[in-house]
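Novice: Give me the fold of what follows.
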Amino acid sequence: MRFTFDDLVALMAFLRGPQGCPWDREQTPLLLAPYLLEEAHEVLDAITRGHPADLRDELGDLLLQVVFHAQMAHEAGTFDADVVVDGLVHKLLDRHPHVFGDLRLGTPAEVKAHWEELKRREDPRRDRFDGIPASLPALARAQKLLERAAPPGEAERVADAYKPDASAALADARTALEALNTAAPDVAAEPLGRLLFAAAALAQASGVDAESALRIACDRFVGEFFPRNS
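Specialist: Got it, this is the predicted structure:
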């Protein structure tokens, strides 16, 4: 027997019902939030490992979080899973006029630029940095801020202000080392922060995802110094 999305929605409603699971019934969006973040990170790990079976399972766990939140919203009378799906399909149709309309966009970069422009049209009051969660890992947030700082059409005007400055980065590194050598970590925090931001800027300028690059470096560190078979 092969189950469908509707079966998942119905099962979640049952688990939250009187005959369902006590743990599921007591959950709230805030209580469930840490699990949503955890499952998203487990999907990222599965992608990094390159194992399709692991990715399939982790995507299922992440989908459960989506359906769980939709069921709680349904109980609160705000929306349900069908409304979530309907809104998503409408958004995809509206934001792909080059596929479903007459607009011609030739490159992925043009598509991305048009997507951002459509979002700005939908909400003219939208700030340049709206939609970048403050809860993002700091390195990922830094790179996202840099990306939004120089959107298509404005890149040349602001490039000089945001391009990596090697001499400034070296100066910050020296300042941080001097502070650490004198046991002053509070003094080192600011230049180290600037140094990390410069690394994010370098990644952005090089077309590299800073968060993924650092994740690979972390994995390499663990593999080199703490191998599992040691």
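
Novice: Helix or strand: which one has A142?
Specialist: Taking DSSP states H and E as the criterion, A142 maps to helix 138-149.

Novice: Can you mark which positions in the helix or strand containing L37 are buried?
Specialist: Element membership for L37 (DSSP H and E) is helix 29-49. Across helix 29-49, burial judged by 16 or more other Cβ atoms under 10 Å covers L36, E39, E42, V43, A46. For glycine as for every other residue, the C-beta is placed from the backbone atoms N, C-alpha and C.

Novice: Take those residues and lay them out in JSON lines including pLDDT and distance to L195.
Specialist: Formatted as JSON lines, the buried residues of helix 29-49 follow (pLDDT from 0 to 100; distance: Cβ to Cβ, whole Å):
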{"residue": "L36", "pLDDT": "92", "distance to L195": "32"}
{"residue": "E39", "pLDDT": "94", "distance to L195": "32"}
{"residue": "E42", "pLDDT": "93", "distance to L195": "30"}
{"residue": "V43", "pLDDT": "94", "distance to L195": "30"}
{"residue": "A46", "pLDDT": "91", "distance to L195": "31"}
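
Novice: for the residues you listed, which one is nearest V83?
Specialist: L36 (18.7 Å; Cβ to Cβ).

Novice: For the closest one, which non-adjacent residue is spatially closest?
Specialist: Q65 (4.5 Å; Cβ to Cβ, 6 or more residues apart in numbering).

Novice: Show the contacting residues for the one you found.
Specialist: L32, Y35, L36, E39 (Cβ atoms under 8 Å, 6 or more residues apart in numbering).

Novice: Look up phi and psi at it.
Specialist: Backbone torsions for Q65, taken as degrees, to the nearest 10, come to phi -60, psi -40.

Novice: cool, P133 as well?
Specialist: According to degrees, to the nearest 10, P133 has phi -60, psi 140.

Novice: Against A205, how distant is it?
Specialist: Distance of P133 to A205, computed by Cβ to Cβ, to the nearest Å: 23 Å.

Novice: What residues of the helix or strand hosting V89 count as buried?
Specialist: Using DSSP H and E, the element containing V89 is helix 81-94. Across helix 81-94, burial judged by 16+ other Cβ under 10 Å covers A81, V84.

Novice: what's the answer for stretch 61-73, then?
Specialist: Across stretch 61-73, burial judged by 16+ other Cβ under 10 Å covers D61, L62, L64, Q65, V66, V67, F68, H69, A70, Q71, M72, A73.
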